[in-house]
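**Student:** Sequence plus predicted model, see below.
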Amino acid sequence: MEEPERWRRRPRGWPIGLALLQVFIALAVSGVRQVPVTGVQLGLLVAGPLALLLLRRWPVVASSATGLINLAYLVLGFPFPPIIPSTFAAIASPFARARREAHRRYQVEERRRRREQEKREAADERVRIARELHDVLAHSLSLINVRASVALEVMDVQPQEIRPALQAIKEASRDGLAEVRSVLASLHSTEAPRSPTPDLSRLDDLIQQAEAAGLKVEAETLGRRPSLPATVELSAYRIIQEALTNVMRHSSARTATLVIQYADRAVTVGVADPGPASPKPEGHEGGHGLIGIQERAASVGGVATARPDGRGGFEVMAVFPR
């Protein structure tokens with residue numbers, strides 16, 4: 001650990017200086033009282049501080065030894081003032097050492113906490129990027145798949161429909177690539193996003209993309225759109241995008257209803273389709289789109305549900321606090 005290493009490099013000669021200080025005080029007291037300083041007195045004045053050299057390894061032994069030496073000094077009748085420095089050091093040093101140890105443990109714990117926090121933040125960032133890429137790619141590829149299927153179906157009987165289908169595929173792939181580049185650019189903190197962060201002001205573009213893929217979206221907005229945090233705007237947009245993508249991928253319905261309600265304390269978005277659900281291809285396994293919807297809402301303090309409506313259709317609803 002860095003802090004203990006620094007302490008170990010710190011000079012340990014202060015007990016010698018303490019011994020010289022006590023000798024100086026004894027000589028001064030002797031001069032004032034006109035009493036000679038004996039060899040025993042000098043020996044005890046030096047021995048007490050030198051015992052404190054053992055503080056680092058055996059703090060209790062060092063403090064006890066200094067205390068006993070100073071007690072013997074007083075029992076022999078020598079004046080008290082010269083031993084004040086070593087007495088104070090013997091009492092204060094263990095407490096100071098304990099405080100340093102507590103500070104060292106605190107620093108170790110703080111470093112550990114910061115490392116764990118950095119790991120959690122990195123994991124959260126990976127989840128966020130994975131969720132963004134999933135939503136962008138799933139939506140774009142669904143649009144491409146639907147339009148390509150339409151082009152194949154009408155190739156022989158309605159060749160005039162080929163051009164609009166290819167144009168829609170081109171636009172979907174272009175927009176998808178732009179959003180993927182923007183998400184990947186966010187990995188580099190010094191690089192600005194390549195495209196604006198999607199928000200509810202771009203719903204018309206999202207609806208046009210869905211309708212270009214053959215899904216008729218009936219949109220209704222209740223209330224006046226307030227100023228919302230960017231994270232809430234993005235989450236609401238992505239949930240609507242995922243819900244519309246799921247209709248195109250998993251429902252036989254060619255219509256969907258989108259409702260956005262702005263209330264005083266909450267914003268509610270809902271997407272529903274009349275169904276029924278499309279047959280699942282053999283070997284198809286469920287994805288993580290519905291789980292991602294719930295995670296997105298929860299990440300900004302909201303809540304989301306995705307369930308059958310009981311009449312053959314499916315509905316997705318999310319509520320975000322304002």
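**Tutor:** That came through, no problem. Numbering: from 1, shown residues only.

**Student:** Now do stretch 59-79: distance to the chain's middle.
**Tutor:** Averaging C-alpha positions (CA atoms, centre = their mean, to the nearest Å) puts stretch 59-79 55 Å from its chain's average.

**Student:** Give me the buried positions along it.
**Tutor:** P59, A62, S63, A65, T66, G67, I69, N70, Y73, F78, P79 (16 or more other CB atoms under 10 Å). Bear in mind the C-beta positions are built from the backbone N, C-alpha and C, glycine included.

**Student:** what does stretch 242-259 give?
**Tutor:** Neighbour counts over stretch 242-259 (16+ other CB under 10 Å) mark 242-251, 253, 256-258 as buried.

**Student:** any idea which of the buried residues of stretch 59-79 is the one closest to R225?
**Tutor:** Checking the buried residues of stretch 59-79 against R225 with CB to CB, the nearest one is P59 at 68.1 Å.

**Student:** quick one: the closest residue to that closest one other than its chain neighbours and T87, what's the gap?
**Tutor:** Distances taken as CB to CB, 6 or more residues apart in numbering place P94 nearest to P59, at 4.8 Å, with adjacent residues excluded. Counting by CB to CB, to the nearest Å, the gap from P94 to T87 is 13 Å.

**Student:** D205 now?
**Tutor:** D205 sits 82 Å away from T87 when distances are taken as CB to CB.

**Student:** neighbour count winner among these two?
**Tutor:** Neighbours per residue, other CB atoms under 10 Å: of D205 and T87, the larger number sits with T87, 19 against 11.

**Student:** in which helix or strand would I find that one?
**Tutor:** Here T87, judged by DSSP states H and E, is contained in helix 84-154.

**Student:** Show me what that helix is packed against.
**Tutor:** Under the contact criterion of 3 or more CB pairs under 8 Å, 6 or more residues apart in numbering; DSSP states H and E, helix 84-154 touches helix 2-9, helix 14-33, helix 39-51, helix 59-75, helix 162-185, helix 203-212, helix 230-250, helix 289-299.

**Student:** hey, which of the ones you listed is tucked in deepest?
**Tutor:** With neighbours defined as mean count of other CB atoms under 10 Å, the helices and strands packed on helix 84-154 peak in mean count at helix 230-250, which reaches a mean of 22.

**Student:** just to revisit the earlier point, can you say which of the helices and strands packed on helix 84-154 is nearest to D264?
**Tutor:** Comparison of the helices and strands packed on helix 84-154 against D264 by CB to CB identifies helix 230-250 as nearest, at 15.1 Å.

**Student:** tilt between that closest one and helix 203-212?
**Tutor:** Orientation check (axes from the mean of the first three to the mean of the last three CA atoms, to 10 degrees): helix 230-250 against helix 203-212 gives 10 degrees.

**Student:** Off-centre distance for helix 230-250?
**Tutor:** Using CA atoms, centre = their mean, the offset of helix 230-250 from its chain centre is 24 Å.

**Student:** tell me the mean pLDDT for that helix?
**Tutor:** For helix 230-250, the mean pLDDT works out to 89.

**Student:** Run through the stretch 1-150 of the chain and note the low-pLDDT ranges.
**Tutor:** Of all residues in the stretch 1-150 of the chain, those with pLDDT under 70 make up the ranges 1-12, 150.

**Student:** Please apply the same query to the stretch 151-300 of the chain.
**Tutor:** 154, 183-196, 280-288.

**Student:** ok, now how distant is T38 from I25?
**Tutor:** T38 sits at a distance of 15 Å from I25 (criterion: CB to CB).

**Student:** My error: substitute G292 in the last question.
**Tutor:** The value you get for G292 to I25, if CB to CB is used, is 77 Å.

**Student:** try P229
**Tutor:** P229 is 69 Å from I25, by CB to CB.

**Student:** try R311
**Tutor:** Look at R311 and I25: by CB to CB, they are 98 Å apart.

**Student:** now do V32
**Tutor:** Applying CB to CB, the value for V32 to I25 is 11 Å.

**Student:** do L68 as well
**Tutor:** Distance, L68 to I25, by CB to CB: 20 Å.

**Student:** ditto for E116
**Tutor:** As judged by CB to CB, E116 and I25 stand 52 Å apart.

**Student:** before we move on, what about R100?
**Tutor:** 28 Å.

**Student:** now do I207
**Tutor:** Using CB to CB, we find I207 at a distance of 91 Å from I25.

**Student:** Grab the most central residue of the protein for me.
**Tutor:** The centre of the chain sits closest to E121, judged by CA atoms, centre = their mean, with a distance of 3.0 Å.

**Student:** Spit out the contact partners of that residue.
**Tutor:** Residues near E121 by CB atoms under 8 Å, 6 or more residues apart in numbering: none.

**Student:** And V127, by the same measure?
**Tutor:** For V127, counting by CB under 8 Å, 6+ apart, the contacting residues are E295.

**Student:** cool, and A138?
**Tutor:** E242, T245, R249, G287, G289.

**Student:** could you dump those to a markdown table with distance to L53?
**Tutor:** Below are the contacts of A138 laid out as a markdown table (distance: CB to CB, whole Å):
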| residue | distance to L53 |
| --- | --- |
| E242 | 71 |
| T245 | 75 |
| R249 | 78 |
| G287 | 70 |
| G289 | 70 |
